[in-house]
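Participant: Quick one, structure for this:
(chains A and B)
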Amino acid sequence: MRTLIFRTVAPFLSSLMILFSVFVLLRGHNEPGGGFIGGLIAASAFAIYGIACGVSPVRRALYFHPMTLAGLGLLMSSAAGLLSIFAGVPFMTGLWVDVPLFGDTVALSTVLVFDIGVYFVVVGSITSMLLALEERSSD
Amino acid sequence: MASSDKTNIDLSVAMITEAPPLADWLVIAPLLLCMVVGAVLLMIRKETRAQPIVAIPGLVALVIVDAALLLHVMANGPVTMTMGRWLPPFGISFTVDILGALLTLTAGIAALAGGIYGAGDVNDTGRRYGFYPFLFLMMAGVSGAFLTGDIFNLYVWFEVLLISSFGLLILGSERGQIDGATKYAFLNLVATTLFLIATGYLYGIMGTLNMADIARKAPNLTDKAPMMTVVSLYVLAFGMKAAAFPANFWLPASYHTPRVVVSALFAGLLTKVGVYALMRITLLLFPAERDTLAIVIAVVAAATMLLGAMGALAQTDFRRLLGFLVISGIGVMFAGIALASPGGVSGTMFYAVHSMIVMTALYLASGMAARASGGFSIAQPRGLYQSHLLLAAISLILFFAVSGLPPFSGFWPKVILVKASLDVGAWWLAGAILLTGFLTTIAVGRVWLHAYWRPDASDTPAEPVSLSPMRDYLPLILLTGLVVLVGLFPQRILELTQTGSEQLLNPLDYIRSVFPQGEVK
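Facilitator: Next up, the predicted model:
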């Protein structure tokens, strides 16, 4: 698989896919998309990079262990649900705040935090599995 | 977007408008705690020294929260919190009654014992593989299953605990473990699929998966025939999960392979989740269909307990023997579900609590005995009675308890169940329970005689093995203390399980807790 063309293209392809995955994640707020599908796209980006350049560059690029990212995601999602205790509403109720940004208002919500958490859980767990499998097959 | 509520929309039609009391947060607190601590432990997975330091206080907190939840439910009846403010049945409800709260607390105690024991039993490799994160995520699944009030959500929690249990099973990646895990995984996935199929049918028939909603709509259903299919599927699926005859063979094939502490947690928690789900579905939701299936469940119960006890008689490996005792206990619990009288249900709840504690303790004791005597085989006498008197004494108490001999915790639920069986004239079921107790006594008596009492016969005396008082004896003494306490003062638990069985058999309080208006739509 490690042809010159693939190895040259893979970093660009991967970074493009990760950018796209963030777009899908944010788009999922009101339209089809979301944390789960975004996370899958990002995980496949890491997988492509791993197939082309080996697993250790991916681990270096990620810096954190993928499972740590998954743990962070789980923590974010739980925290997003827990915030509603301060607003006096039941668990997992969406809370909204309008933030003025660049002359426009952006609606931020705990739903978004939850979705980002899902994104990290999916990225972390799937990447962890894929990298482990790639490592096994290469040695 | 939800922020655009400038137009006058009446939110109270779709949403809960009043703020939930702070105490109601206890309903989801066990879950949240498990997930948050599990996530933190996952992030510090490589810090093997820090893992137990974070995990054990987390488990203590879990027990405290569970106990607070039980007290809250005892004081106020079933408590509900519906996620995301949406009115049930559209929002997912977590509804806790005494059955759920009591089992969650017992599970928390068993997990605490396992967590402390694991600090000694699970080495650095096991910790790096994620023993503690998996333990917490499994506890999230177990607590979620006990607390949820929605059938699809119950399925999700089953998945959560199943996936975490796969991780725990193969903690050392040994050949035997992979072999055991394959059997375990395959059978459990089949059961989960059946569960999902039944849930799909149920949704097609009822149009709702909220348990309280089903409980109030099921009696008005005109076409009863499809419900029989659904309930039969549920009985099969949960029977497989609980390791009831004839789908019990996966348990002895897999429970002796993982680390001792993992076996202990599985034996204490996982099969009981199957029993709990069966109680919830058959007793709360579909009592009419259960009445038709009662004889089937009763025969399964008798066969499970007898075959479990006979299987235990045939074993020479301590841990395999315990696997059969787990199965035998499941049979006893099924007997109460088959009877469905207040006495029977209360006996089943009591037995579930007893079994969770005793089976966990027995596995922990077996691990300590194996460490002290050099193996799980009971054929080689190592004179544990001489070398480890305290361990031998604790084991004897646990053996008495698991056989159902007084004055320990196994005695009372069996008395209640035998009486409940005789009340309805099911003398053969009562006979099966008594015979099982007798066979179990012989099976564990054999272990005690061979492995503990007989003096060391080998020429070279074994190296004296010291067991840590904190990591090894503390959890065992904690659990055994509960066994003795429940056996000597059964009144409190008895009252609790009686109230619990009333709540389960007359679901009015349960339904009122989810639908305060109370009218049947």
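Participant: which parts of chain A sit against chain B?
Facilitator: A:30, A:65, A:67-68, A:70-75, A:78-79, A:81-82, A:85, A:88-94, A:96, A:98, A:107, A:109 (C-beta under 8 Å from any C-beta of the partner chain). Backbone N, C-alpha and C define where each C-beta goes, glycine included.
Participant: ok but residue B:303 is inside a helix, no?
Facilitator: Yes - according to DSSP: H, G, I helix; E, B strand; the rest coil, residue B:303 belongs to a helix.
Participant: can you give me phi and psi for the closest residue to chain A within the stretch 351-500 of chain B?
Facilitator: Closest to chain A within the stretch 351-500 of chain B is residue B:500: 24.6 Å, counting by C-beta to the nearest C-beta. When read as degrees, to the nearest 10, the backbone of residue B:500 gives phi -60, psi -40.
Participant: Report how many residues lie close to the closest residue to it other than its chain neighbours.
Facilitator: In space, and not counting its chain neighbours, residue B:500 is closest to residue B:98: 3.6 Å by C-beta to C-beta, 6 or more residues apart in numbering or on different chains. For residue B:98, the count of nearby residues is 22 (other C-beta atoms under 10 Å in any protein chain shown).
Participant: Residue B:98 and residue B:409: what is the separation?
Facilitator: Residue B:98 sits 18 Å away from residue B:409, going by C-beta to C-beta, to the nearest Å.
Participant: hang on, the residue of the stretch 351-500 of chain B closest to chain A packs against residue B:348?
Facilitator: No - judged on C-beta atoms under 8 Å, residue B:500 makes no contact with residue B:348 at a distance of 10.0 Å.
Participant: Between these two, which is the more surrounded one?
Facilitator: Set residue B:500 next to residue B:348 and count neighbours by other C-beta under 10 Å: residue B:348 wins out with 34 against 27.
Participant: Contact partners for that one?
Facilitator: B:275, B:279, B:333-337, B:413, B:417 (C-beta atoms under 8 Å, 6 or more residues apart in numbering or on different chains).
Participant: what sits against whichever residue of the stretch 401-521 of chain B sits closest to chain A?
Facilitator: Sorted by distance to chain A under C-beta to the nearest C-beta, the residues of the stretch 401-521 of chain B start with residue B:514, at 12.7 Å. Going by C-beta under 8 Å, 6+ apart, residue B:514 touches B:80, B:82, B:88, B:93, B:95, B:149, B:210, B:212-213.
Participant: So which of these wins on neighbours?
Facilitator: residue B:149 (31 neighbours).
Participant: show me where chain A has strands.
Facilitator: A:96-101, A:104-109 (DSSP state E).
Participant: how close does whichever residue of chain A sits closest to chain B sit to residue A:65?
Facilitator: Closest residue of chain A to chain B, C-beta to the nearest C-beta: residue A:71 (3.2 Å). Distance, residue A:71 to residue A:65, using C-beta to C-beta: 9 Å.
Participant: the more surrounded of those two?
Facilitator: residue A:71 (26 against 18).
Participant: Contact partners for that one?
Facilitator: A:124, B:38-43, B:45, B:133.
Participant: what do you get for residue A:122?
Facilitator: A:35-36, A:38-40, A:42-43, A:73.
Participant: Residue B:140 too?
Facilitator: B:31, B:34-35, B:38, B:157, B:160-161, B:164.
Participant: Now with 10 Å, please.
Facilitator: By C-beta atoms under 10 Å, 6 or more residues apart in numbering or on different chains, the contact set of residue B:140 is A:74, A:78, B:30-39, B:62, B:157, B:160-161, B:164.
Participant: So it belongs to a helix, correct?
Facilitator: Yes - the assignment for residue B:140 is a helix, going by three-state DSSP.
Participant: The residue nearest to it when sequence neighbours are not counted is in what secondary structure piece?
Facilitator: Once flanking residues are discounted, residue B:140 sits nearest to residue B:34: 3.7 Å by C-beta to C-beta, 6+ apart. Element membership for residue B:34, per DSSP states H and E: helix B:29-43.
Participant: who are the neighbours of that helix, in terms of helices and strands?
Facilitator: helix A:66-82, helix A:110-138, helix B:50-76, helix B:98-121, helix B:131-147, helix B:151-169 (3 or more C-beta pairs under 10 Å, 6 or more residues apart in numbering or on different chains; DSSP states H and E).
Participant: hmm, back to that, residue A:135: which of the contacts of residue A:122 is nearest?
Facilitator: Closest approach between the contacts of residue A:122 and residue A:135, by C-beta to C-beta: residue A:43, at 15.5 Å.
Participant: which residues of the chain score low on pLDDT?
Facilitator: Picking chain A for this. A:1, A:137-139 (pLDDT under 70).
Participant: My question was about chain B, not that one.
Facilitator: B:1-7, B:457-464, B:517-521.
Participant: Which residue does it have closest to chain A?
Facilitator: For chain B, C-beta to the nearest C-beta, closest residue to chain A: residue B:42, 3.2 Å.
Participant: Check chain A for me, the residue farthest from its geometric middle.
Facilitator: Distance from the C-alpha centroid of chain A, by C-alpha atoms, centre = their mean, peaks at residue A:88 (30.1 Å).
Participant: what's the neighbour count on the closest residue to it other than its chain neighbours?
Facilitator: Excluding the flanking residues, the one nearest residue A:88 by C-beta to C-beta, 6+ apart is residue B:19, at 3.7 Å. Neighbour count of residue B:19, defined by other C-beta under 10 Å: 11.
Participant: Doesn't residue B:19 belong to a helix?
Facilitator: No - looking at residue B:19 with three-state DSSP, it is coil, so not inside a helix.
Participant: In contact with the closest residue to the residue of the stretch 401-521 of chain B closest to chain A other than its chain neighbours, which residues?
Facilitator: The spatial neighbour of residue B:514 that comes closest, neighbours along the chain excluded (C-beta to C-beta, 6+ apart), is residue B:212 at 3.7 Å. Residues counted as contacts of residue B:212 (C-beta under 10 Å, 6+ apart) are B:78, B:80, B:88-89, B:93, B:95, B:149-150, B:284-285, B:507, B:510-515.
Participant: Residue B:195 now?
Facilitator: Residue B:195 touches B:151, B:154-155, B:158-159, B:233-234, B:236-238, B:240-241, B:274, B:277, B:281, counting by C-beta under 10 Å, 6+ apart.
Participant: can you check residue B:481 too?
Facilitator: By C-beta under 10 Å, 6+ apart, the contact set of residue B:481 is B:357, B:361, B:394, B:397.
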